[in-house]
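Chemist: Structure for the following, please:
(chains A and B)
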There are 2 protein chains.
Amino acid sequence: MSEQELVNEELRRLAVSGDIGRFLVHARKLHPSDLSDILAGLEPDVRLKLVKTLPPEVVSEALAEMEEEEHPEELLAALRPEQAADIVEELEDDDAVDLIAELPPETAARILSSVADRADIERLLTYDEESAGGRMTAAVVAVSQQVTAGQAIEEVRRQAEQVGEFYQVYCVDDRDRLVGILPLQRMVVAKPETPVREIMEPPPAVASPELDQEEVARLMARYNVPAIPVVDHGGKLLGRITFDDVIDVVEAERTEDLLKFGGAAGDEHLAGEWHHAVRRRLPWLYLNLLTAFFAAAVVLVFEETISQIVVLAALMPIVAGLGGSAGTQALAVTVRRIALGMIPTHSGFALVGKEMLVGIINGLAIGLVVGLVTVATGRGWQLGAVVMLAMWGSLMVAATVGAAVPLVLQKLGVDPAVASSGFVSAVTDIAGFFLLLGLAAMLLLPGG
Amino acid sequence: MSEQELVNEELRRLAVSGDIGRFLVHARKLHPSDLSDILAGLEPDVRLKLVKTLPPEVVSEALAEMEEEEHPEELLAALRPEQAADIVEELEDDDAVDLIAELPPETAARILSSVADRADIERLLTYDEESAGGRMTAAVVAVSQQVTAGQAIEEVRRQAEQVGEFYQVYCVDDRDRLVGILPLQRMVVAKPETPVREIMEPPPAVASPELDQEEVARLMARYNVPAIPVVDHGGKLLGRITFDDVIDVVEAERTEDLLKFGGAAGDEHLAGEWHHAVRRRLPWLYLNLLTAFFAAAVVLVFEETISQIVVLAALMPIVAGLGGSAGTQALAVTVRRIALGMIPTHSGFALVGKEMLVGIINGLAIGLVVGLVTVATGRGWQLGAVVMLAMWGSLMVAATVGAAVPLVLQKLGVDPAVASSGFVSAVTDIAGFFLLLGLAAMLLLPGG
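Modeler: Residues are numbered from 1 along each chain as shown, chains lettered A, B, ... in the order given. Model prediction:
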């Protein structure tokens, strides 16, 4: 066991035995993220008892660091409203908003009514959770552009207490409009008598409160800035978003991407119980079942053909499997291209064209091999030719569908990530079976 | 057109017409990321001419901001070694290392031999590219723990020139071992006479140079720190990694995740030509073809059964499609669980057990519907029972395989992300056909 694990073990023991005094002595020395891990590992009743007993300044940050799927807001809801309010008051406004936004409206209102300074929180709650406004904190250090560096440092001293960690000081005009940014690094080295105007930088990037959080992450990575100011349409400074929010966002989106792509619900809790997983996944499976029935219907149309050329049944999974694979490849590449903003307006057609070309080439390469194997195993050159053509057409359709579906969804304003690999595979199944069985019926059956 | 697009258009025109003087006037006002976009959008020969003509301090940062897939190192390689060295000298050491690591060894050596201060770069090149050592910069601002805040600020003034942007000052003992961290925020508000020892913090997280870059990203997100110091095993300070490197890493891994999961190569260039895409994807398709031949072989074994009960051919895609979907769901969830470090040692079995349970429940739910539809369409209750059982077993196998494959790969030290949806679908195809056709042969055929 590492030293950290020993400490955690000891804390767990103290919590269970109810020795809150000694627990608190240790807990105060922990990083809130570490304390939140310990809370998450305890039995629900022990955890709740701790949250009720520990001082709000210790509990608050641990709740803020808890994973969303551990539902820290439920702990808040289990407290008396006044006690919950004490915890909320200790939190930075963006963390408070994250917790309160998850609560039922009545519970949220009951707690908020006991929070002394709730104006910022109530304003932040009006923005979409996944927008810059929903992610920002209103706690910024701002100085007038008229002051000197020395005066700015005085101002920072005065404001720093309420603001938590920050990396830039914002310079505003007399109508609170953002005019420049002062990285702390510049403040440290500046001579006190230098006017702030001379050392401030133009903001390399600003966000409007409506900007999607992923866009904010992209701006931050592009301009290598630890924070991005949020301004309204008149240029007035509203708040800021810092890198740590953005890293969390990108990691969370990464999980969501993969789950959606894999045809699971994007919000399945990875640490949830089995029945949670069943409830999230079963609806998607029923949706896939519907498309699978279509594929089965296509096969039924050609029941007669299969009964005469039974080997077609063995070729079906090859055509379907490879079509699904090629379609999924095109889908993955296109979903990422869209997410990274790599597809300029009106170039969607060019992109589908490129993917179709890839499908044509790969389809030919795979089709030839499957056709030759069919001939080599003594099934006749006619069947070989049918399989080759079906494979070729199927991979072309698959690549086109894989690229087109997310682009069309985006045009319709739907998240392109809902086009899962399962859905694209189902569509390519239908096309593949139709080609294989249709061509066989036309070319191989007497009188076809 | 937006203002930005107009500026870009004008710059493109100036570059093509060869008016380097006026181009430079505009280029100096641009953020390096914006200049790099303009360079990336030019014809290769125009771009190279610009890189040869523009002053190194303008070109260097634009090259550093270029996407990996635009191959900025090739521009460097096309210059005279002395000119390339001038550019390298302008770069921060971690950016220089990123470029040089992509060059053929002889080219890299030729350029480096003309770089005046190459010791740091050569040392950083010895680390794995995806480790903390490979990502860090050796340029840190460090002060002795013996000095006062005022002396530290003097030291920051002296060192800041060579260091670029930084967010923390590191406090070291007399053997250069890291003993504390001084966030700039604390330096700004500290009284000059305060000893640094009294205001420094213990480092919330440090990285060894071998630590994987994804682990570094996780530490930064967990402890909300804009930079993480890298120390050797004796505690000596070697360098630091900042949030902007980490955001890039997480975004890049996110692309790689989805491409691998979709059965495309993780290093396919999203902006590449069609023949690049063909070369990357075709090998994976051939691999899938191999597994598809196995599925076809299973079907061939039961050729006789299908010829007697042709409707089985229509049920095959339902069993295969749903098995593939359920397997892909379990795979997506498990890959993310592993990536997020959510699976403690020895709990792999418990996880596979949970997924198997989900497969059993979902398999029953789906199997009942398919069985009932089969009976309702007049195919007989015996066939309905066979389909239900096959579906049930198939989804159980699919969920188990989807969860087990990435866990086994991880145990073997292989990246779990190589288990693509295509591979899992192929395995579940085989299991599904075997169950459906085998049960049908046993239970439905006379003498079966």
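Chemist: got the contact list for the closest residue to A:Gly272 other than its chain neighbours?
Modeler: Spatial nearest neighbour of A:Gly272, excluding adjacent residues (CB to CB, 6 or more residues apart in numbering or on different chains): A:Glu69 at 6.9 Å. From N, CA and C alone the C-beta is placed, and that goes for glycine too. Going by CB atoms under 8 Å, 6 or more residues apart in numbering or on different chains, A:Glu69 touches A:His269, A:Leu270, A:Ala271, A:Gly272.
Chemist: how about CSV for those, with neighbour count, distance to B:Val88 and pLDDT added?
Modeler: Below are these laid out as CSV (neighbours: other CB atoms under 10 Å in any protein chain shown; distance: CB to CB, whole Å; pLDDT from 0 to 100):
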residue, neighbour count, distance to B:Val88, pLDDT
A:His269, 16, 48, 79
A:Leu270, 17, 43, 79
A:Ala271, 12, 47, 77
A:Gly272, 15, 50, 78
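Chemist: Wait, a helix at A:Ile241?
Modeler: No: assessed with DSSP: H, G, I helix; E, B strand; the rest coil, A:Ile241 is strand; it does not lie in a helix.
Chemist: Around it, how many other residues sit close by?
Modeler: 26 (other CB atoms under 10 Å in any protein chain shown).
Chemist: show me what contacts it?
Modeler: Taking CB under 8 Å, 6+ apart, we find A:Ile241 in contact with A:Ala132, A:Arg135, A:Met136, A:Thr137, A:Ala207, A:Val216, A:Met220, A:Ala227, A:Ile228, A:Val230.
Chemist: mind redoing it with 7 Å?
Modeler: Contacts for A:Ile241 (CB atoms under 7 Å, 6 or more residues apart in numbering or on different chains) come out as A:Ala132, A:Arg135, A:Met136, A:Ala207, A:Val216, A:Ala227, A:Ile228, A:Val230.
Chemist: Quickly note the distance from the nearest residue to A:Glu67 once chain neighbours are set aside to A:Ala84.
Modeler: With CB to CB, 6+ apart as the criterion, A:Glu67 has its nearest non-adjacent residue at 7.3 Å, and that residue is A:Ala40. To A:Ala84, A:Ala40 is 19 Å away according to CB to CB, to the nearest Å.
Chemist: Test my guess that the residue nearest to A:Glu67 contacts A:Met66.
Modeler: Yes: using CB atoms under 7 Å, A:Ala40 is in contact with A:Met66, at 6.3 Å.
Chemist: what is the rounded mean pLDDT of the helix or strand harbouring A:Asp98?
Modeler: Using DSSP states H and E, A:Asp98 maps to helix A:93-100. Mean pLDDT, helix A:93-100: 90.
Chemist: for the contacts of A:Glu69, which one is nearest chain B?
Modeler: Nearest to chain B among the contacts of A:Glu69 is A:Leu270, at 5.2 Å by CB to the nearest CB.
Chemist: what's next to the lowest-mean-pLDDT helix or strand in chain A, contact-wise?
Modeler: Least confident helix or strand, chain A: helix A:3-17 with a mean of 81, by mean pLDDT, DSSP states H and E. Here helix A:3-17 makes contact (CB under 7 Å, 6+ apart) with A:Arg22, A:Phe23, A:His26, A:Ile38, A:Gly41, A:Leu42, A:Val46, A:Leu50.
Chemist: What residues of it count as buried?
Modeler: For helix A:3-17, the buried set under the neighbour-count rule, 16 or more other CB atoms under 10 Å in any protein chain shown, comprises A:Val7, A:Asn8, A:Leu11, A:Arg12, A:Leu14, A:Ala15.
Chemist: Tell me which two of those sit farthest apart.
Modeler: Largest separation among these by CB to CB: A:Val7 and A:Ala15, giving 12.5 Å.
Chemist: Could I get the phi/psi values of the closest residue to A:Glu253 other than its chain neighbours?
Modeler: Once flanking residues are discounted, A:Glu253 sits nearest to A:Glu214: 6.2 Å by CB to CB, 6+ apart. A:Glu214 adopts backbone torsions of phi -70, psi -30, taken as degrees, to the nearest 10.
Chemist: Go ahead and confirm A:Glu214 touches A:Ala252.
Modeler: No: contact status for A:Glu214 versus A:Ala252: not in contact, 10.2 Å apart, counting by CB under 7 Å.
Chemist: Check which element follows the least confident helix or strand of chain A along the chain.
Modeler: Remark: after helix A:3-17, the chain's next helix or strand is helix A:20-27, criterion DSSP H and E.
Chemist: Strands along the stretch 101-250 of chain A, start to end?
Modeler: A:142-144, A:168-172, A:178-183, A:227-231, A:237-242 (DSSP state E, counting those that start in this stretch).
Chemist: pLDDT averaged over the shortest one - what is it?
Modeler: What it means is strand A:142-144. The average pLDDT within strand A:142-144 is 93.
Chemist: just to revisit the earlier point, of all the strands of the stretch 101-250 of chain A, which lies closest to A:Glu303?
Modeler: strand A:237-242 (59.9 Å).
Chemist: Tell me which residue in the stretch 1-150 of chain A sits closest to chain B.
Modeler: Closest residue of the stretch 1-150 of chain A to chain B, CB to the nearest CB: A:Ser33 (4.8 Å).
Chemist: Stretch A:228-239: how far from the chain's middle?
Modeler: Remark: stretch A:228-239 is offset 25 Å from the chain centroid, using CA atoms, centre = their mean, to the nearest Å.
Chemist: What of stretch A:59-79?
Modeler: Distance, stretch centre to chain centre, for stretch A:59-79: 20 Å (CA atoms, centre = their mean).
Chemist: That stretch: which residues count as buried?
Modeler: Residues A:59-67, A:70, A:72-73, A:75-77, A:79 are the ones in stretch A:59-79 that count as buried (16+ other CB under 10 Å).
Chemist: again, but for stretch A:431-438
Modeler: For stretch A:431-438, by 16+ other CB under 10 Å, it's A:Ala431, A:Gly432, A:Phe433, A:Phe434, A:Leu435, A:Leu436, A:Leu437, A:Gly438.
Chemist: Give me the subset of these lying in helices.
Modeler: A:Ala431, A:Gly432, A:Phe433, A:Phe434, A:Leu435, A:Leu436, A:Leu437, A:Gly438 (DSSP state H).
Chemist: Report the two of those residues separated the most.
Modeler: For these, the farthest-apart pair by CB to CB is A:Ala431 and A:Leu437; their separation is 11.3 Å.
Chemist: So the closest residue to chain B within the stretch 51-200 of chain A versus A:Ile153, what's the distance?
Modeler: The minimum distance from the stretch 51-200 of chain A to chain B, using CB to the nearest CB, falls at A:Leu184 (3.9 Å). A:Leu184 sits at a distance of 10 Å from A:Ile153 (criterion: CB to CB).
Chemist: which helix is the longest one in chain A?
Modeler: Identified as the longest helix of chain A according to DSSP H is helix A:381-411.
Chemist: So which residues of the stretch 1-150 of chain A form helices?
Modeler: Using DSSP state H, counting those that start in this stretch, the helices of the stretch 1-150 of chain A run over residues A:3-17, A:20-27, A:32-40, A:44-53, A:56-65, A:72-77, A:81-90, A:93-100, A:105-112, A:119-124, A:132-135, A:149-163.
Chemist: Identify, out of those, the most deeply packed stretch.
Modeler: For the helices of the stretch 1-150 of chain A, the largest average neighbour count (mean count of other CB atoms under 10 Å in any protein chain shown) is found in helix A:132-135, namely a mean of 26.
Chemist: Summarise which helices and strands that one is packed against.
Modeler: Helix A:132-135 sits against helix A:213-223, with contacts defined as 3 or more CB pairs under 7 Å, 6 or more residues apart in numbering or on different chains; DSSP states H and E.
Chemist: Go again with 8 Å.
Modeler: Applying 3 or more CB pairs under 8 Å, 6 or more residues apart in numbering or on different chains; DSSP states H and E, one finds that helix A:132-135 contacts helix A:213-223, strand A:227-231, strand A:237-242.
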